[in-house]
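S.K.: when you get a sec, could you give me coordinates for this:
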Amino acid sequence: QLQLVESGGGLVQPGGSLTLSCAASGFTLSTYTMGWFRQAPGKEREGVACISSNNGSTWSPDSVKGRFTISRDNAKNTVYLQMNSLKPEDTAVYYCAADHSATVQAMCILQWGDYWGQGTLVTVSE
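M.R.: Predicted coordinates:
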């Protein structure tokens with residue numbers, strides 16, 4: 001069964017850090033463009049970080065650039081999202097996705113994805 005499972009969400013204070021993990025099963029994510037997306041209450045889903053399968057190139061919107069870092073460990077079949085300097089507006093359900101052919105920009109901006117995880121909740125609050 002092809003599956004993506006996110007973990008690492010939780011409650012964090014403003015200014016804090018959190019690392020999300022996304023583990024793939026049933027397929028090898030090394031050949032896929034991988035991405036992290038989020039959906040805040042009452043808002044549309046948006047891409048926050050995407051990473052290519054071949055050269056490690058990444059893309060992130062200005063809202064998180066310099067604070068969020070996406071990385072992948074193909075040996076562990078896992079992709080990560082390191083989030084620093086978190087703000088209350090980062091509160092959302094975070095999803096990971098895999099796409100077999102998208103560029104990092106297409107995946108993040110157009111939200112392409114062949115497989116999607118169920119999401120993990122991140123709450124930034126005092």
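S.K.: which parts of this protein are helices?
M.R.: Assignment of helices within the chain using DSSP state H yields the ranges 104-110.
S.K.: got a list of what the most centrally placed residue in it touches?
M.R.: With the centre of the chain defined as its mean C-alpha position, the nearest residue by CA atoms, centre = their mean is Trp36, 1.9 Å away. Applying CB atoms under 8 Å, 6 or more residues apart in numbering to Trp36 gives the contacts 20, 22, 47-50, 68, 70, 79, 81, 94-97. (Each C-beta comes from the backbone N, C-alpha and C, glycine too.)
S.K.: and those residues, which is closest to Ser60?
M.R.: Ala49 (4.7 Å; CB to CB).
S.K.: how much space between the closest one and Glu126?
M.R.: With distances defined as CB to CB, to the nearest Å, the gap from Ala49 to Glu126 amounts to 26 Å.
S.K.: so the two - more neighbours on which side?
M.R.: Ala49 (28 against 5; other CB atoms under 10 Å).
S.K.: so that one sits against Gly35, correct?
M.R.: Yes - under the criterion of CB atoms under 8 Å, Ala49 makes contact with Gly35 at 6.7 Å.
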